[in-house]
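Visitor: Sequence first, then the predicted structure, then my questions.
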Amino acid sequence: MYLELFLISLSVLIGIYFFNRYKSQLKQLFNIKKEMGDVKEKYVNSVAAVDNLINMLIELHNFGLKYSPSHNKQTLSKMIVDYAVKVLKTSIGSLMLIDETTNELVIVAARGLAKDVMDTTRLKIGEGIAGLVARDGNPIFVENIETDPRFFKAENVKYPSKSFISVPLKIRNKVIGVLNVNREKEGEKFVERDLRLLQLLAGQAAITIENIELYQNLQRLYLETMQTLAKAIDAKDAYTREHADRAGYYAKLVAEELHLPKTMVKHIEYAAMMHDVGKIGIKEEILLKASKLTNAERDEIRKHPLIGEKIIAPIEFLAPIAPLILYHHEWFDGTGYGEGLLGEEIPIGARIVAVIDSYDAMTSDRPYRKALSDEIAIDELKRGSGTQFDPKIVNAFLKVLENEKNKNGEKKTDKNQDSAASKSD
Ligand SMILES: [Fe+2]
């Protein structure tokens, strides 16, 4: 019993001795363990942030390669700011692009900023942090905005943030904009690693913006080429000059009158402008023949919707209008030419083009007759309603004509009271 007590006391004394002897080392060991835990946590956070960023970069890259009406610069800008605030775990961020006409930085997308700041902020190149970044093409990392003399003072009020990173968006060394992120006053400060992550994001963002711009320019080029082609066909025929422009103008109004979706309105406008583009493949002597066409010549001219469809369909962004061109000579009662489609089997855009094409043909001078009056042309449309034309479209077109008449006043006078037998080619 005494021996046991003695041994316990000895163990305690030895323990106390060793604790005092190695106290500082034990403390160090404890600190090292804690630091290792912190490092591990930081490492896990870093890996997660990099992983997140890689996914975002891939998504941005893919965004620039696809085409759809929603793939525009505005959507992309929002996406870039969303990614920036997400990867840097903050709530304030903005993307500014240089407005080439004024050479100022304009906020195109933002998170955590008041609407009036977004709408009214325009920075001259060289003004404020973002302006300096745009001017010099180098990122600026500010740990504490309040004590940094470089920061544009007036902005302190608008941006209640302490830590700030601003990186340039560059395309082949040319700055096109600036990506900014801020941290709330009381929040954690940004660190160098955040700057590197944001630079990676800004690099891909600039490439994607350039891809979208290139794609849009390509679209414009294709569209202009097709419209020039359509006008060139019109120009060959003195009687139908400006037909393409007028057809596009009215088709847009009719599509809007029918409350069709915006994208569809655009497609219908383009289809109306280019509906006869296939006539490029028809011999001129048939196209411009003043006398009656033979059956063979009529068969030849009836190929133009199919030729037009073949010209337009391979152009990706114009592909939706190809069927409208293919079916613009179908009749509502199924007796038109093409595939003999019936009623609503015919795309609505093709039904609209059919009405407008006929009206424009009737009210224009032709090689074989003078232009008909508006009244006669309208009577003809009404007569063809339900057979050649969709009644719903005829009604919408008549409303459009009425609105236009009220807008412009009476313009046309009766030119000729000839037969309305031939409405369009
Ligand atoms: Fe046609």
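Guide: Yep, that arrived.
Visitor: For the rest of this, base every contact and every neighbour count on C-alpha atoms.
Guide: Noted.
Visitor: mind checking how far Phe190 is from Phe397?
Guide: Computed as Cα to Cα, to the nearest Å, the Phe190 to Phe397 distance reads 61 Å.
Visitor: And those two? Which one has more around it.
Guide: Legend: neighbour count by other Cα atoms under 10 Å for Phe190 and Phe397, higher for Phe397 (25 against 22).
Visitor: Quick check on the nearest residue to the more buried one once chain neighbours are set aside: phi, psi?
Guide: Nearest in space to Phe397, with sequence neighbours left out and distances taken as Cα to Cα, 6 or more residues apart in numbering, is Val254 at 5.6 Å. Recorded main-chain torsions at Val254 are phi -70, psi -40, according to degrees, to the nearest 10.
Visitor: For Val254, grab the count of nearby residues.
Guide: 27.
Visitor: what's the helix or strand for Met79?
Guide: helix 73-87 (DSSP states H and E).
Visitor: so how far is that helix from its chain's centroid?
Guide: Taking the mean of its C-alpha atoms, helix 73-87 sits 14 Å from the chain's own mean (Cα atoms, centre = their mean, to the nearest Å).
Visitor: Format the CA atom coordinates belonging to it as CSV.
Guide: The C-alpha coordinates for helix 73-87 follow below in CSV (Å, rounded to 0.1, in the frame of the first residue of the first chain):
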residue,chain,number,x,y,z
LYS,A,73,-22.0,40.2,-74.7
GLN,A,74,-24.5,41.2,-72.0
THR,A,75,-25.1,37.6,-70.9
LEU,A,76,-21.3,36.9,-71.0
SER,A,77,-20.5,40.1,-69.0
LYS,A,78,-22.9,39.0,-66.2
MET,A,79,-21.4,35.6,-66.2
ILE,A,80,-17.9,37.0,-65.9
VAL,A,81,-18.8,39.1,-62.8
ASP,A,82,-20.7,36.2,-61.2
TYR,A,83,-17.7,34.0,-61.6
ALA,A,84,-15.3,36.7,-60.3
VAL,A,85,-17.3,37.2,-57.1
LYS,A,86,-17.8,33.5,-56.6
VAL,A,87,-14.2,32.4,-57.0
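Visitor: one step back: check contacts around the residue nearest to Phe397.
Guide: Ile352, Ile393, Ala396, Phe397, Val400 (Cα atoms under 8 Å, 6 or more residues apart in numbering).
Visitor: quick check, distance from the host helix or strand of the last one to the centre of its chain.
Guide: Meaning Val400. For Val400, the host element (DSSP H and E) is helix 391-408. Chain-centre distance of helix 391-408: 31 Å, with Cα atoms, centre = their mean.
Visitor: Contacts made by that helix with the rest, please.
Guide: 250, 253-254, 257-258, 351-352, 355-356, 378, 381-382, 385, 411.
Visitor: Now stretch 214-228: average pLDDT?
Guide: Taken as a whole, stretch 214-228 has a mean pLDDT of 80.
Visitor: sorry, back to before: send me the helix holding Val400 as CSV with only the CA atoms.
Guide: Taking C-alpha atoms only, helix 391-408 is exported to CSV below (Å, rounded to 0.1, in the frame of the first residue of the first chain):
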residue,chain,number,x,y,z
PRO,A,391,-56.8,34.9,-93.0
LYS,A,392,-55.1,35.7,-89.7
ILE,A,393,-52.1,37.1,-91.5
VAL,A,394,-54.2,39.0,-94.0
ASN,A,395,-56.1,40.7,-91.2
ALA,A,396,-52.8,41.6,-89.4
PHE,A,397,-51.3,43.0,-92.6
LEU,A,398,-54.4,45.1,-93.3
LYS,A,399,-54.1,46.6,-89.8
VAL,A,400,-50.4,47.3,-90.4
LEU,A,401,-51.3,49.1,-93.7
GLU,A,402,-54.0,51.1,-91.9
ASN,A,403,-51.5,52.1,-89.2
GLU,A,404,-49.0,53.1,-91.8
LYS,A,405,-51.5,55.1,-93.8
ASN,A,406,-52.5,57.0,-90.6
LYS,A,407,-48.8,57.6,-89.9
ASN,A,408,-47.8,58.8,-93.4
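Visitor: Could you pull up the mean pLDDT of the helix or strand that contains Ala377?
Guide: Assigned by DSSP H and E, Ala377 belongs to helix 374-384. For helix 374-384, the mean pLDDT works out to 92.
Visitor: got the angle for it vs helix 391-408?
Guide: Per axes from the mean of the first three to the mean of the last three Cα atoms, to 10 degrees, the angle that helix 374-384 makes with helix 391-408 is 170 degrees.
Visitor: Give the buried residues for helix 374-384.
Guide: Asp374, Ile376, Ala377, Ile378, Glu380, Leu381, Lys382, Gly384 (16 or more other Cα atoms under 10 Å).
Visitor: try stretch 286-303
Guide: Ile286, Leu287, Glu297, Ile301, Arg302, Lys303.
Visitor: Now for Val178, how many residues are close by?
Guide: 28.
Visitor: Please name the residues that touch it.
Guide: Neighbours of Val178 in contact, by Cα under 8 Å, 6+ apart: Leu95, Met96, Leu97, Ala130, Val133, Ala134, Ser166, Val167, Pro168, Leu169.
Visitor: give me the beta-bridge partners of it?
Guide: Met96, Pro168 (DSSP bridges).
Visitor: returning to that earlier point: who touches the helix holding Met79?
Guide: 49, 52-53, 56, 60, 63, 91-95, 108-111, 179, 181, 197-198, 201, 205, 209, 212-213.
Visitor: Which ones among those residues map onto helices?
Guide: 49, 52-53, 56, 60, 63, 197-198, 201, 205, 209, 212-213 (DSSP state H).
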